[in-house]
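Colleague: no FASTA, just this:
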């Protein structure tokens, strides 16, 4: 009985470690993707803001 419990515990720990590893890899990938997407969005919005302000000042003068 004790042997089975130990085996089950070891199995659970192994699964937990695997999940943690997978999560770490995926998390790194996800955060990298998110940063890339955000930086692209920021670039676009900066360009849009620049163009809008440019047009606005052209319209004012």
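Modeller: Sure, I can see it. Source: prediction; values computed, not measured. Residues are numbered from 1 along each chain as shown.
Colleague: hey, let's count contacts and neighbours off CA atoms from now on
Modeller: Will do.
Colleague: the helices in this structure, which residues?
Modeller: 2-60 (DSSP state H).
Colleague: got any ranges where it has weak pLDDT?
Modeller: Across the chain, the ranges flagged by pLDDT under 70 are 1, 61.
Colleague: what sits against residue 23?
Modeller: Residues counted as contacts of residue 23 (CA atoms under 8 Å, 6 or more residues apart in numbering): none.
Colleague: And it, how close does it get to residue 30?
Modeller: Relative to residue 30, residue 23 is positioned 10 Å away (criterion: CA to CA, to the nearest Å).
Colleague: Now for those two: what residues contact both?
Modeller: Joint contacts of residue 23 and residue 30 (CA under 8 Å, 6+ apart) do not exist.
Colleague: Can you tell me the centre-most residue of this structure?
Modeller: Per CA atoms, centre = their mean, the C-alpha nearest to the average position across the chain is that of residue 31, at 2.3 Å.
Colleague: From residue 45, how far out is it?
Modeller: Look at residue 31 and residue 45: by CA to CA, they are 21 Å apart.
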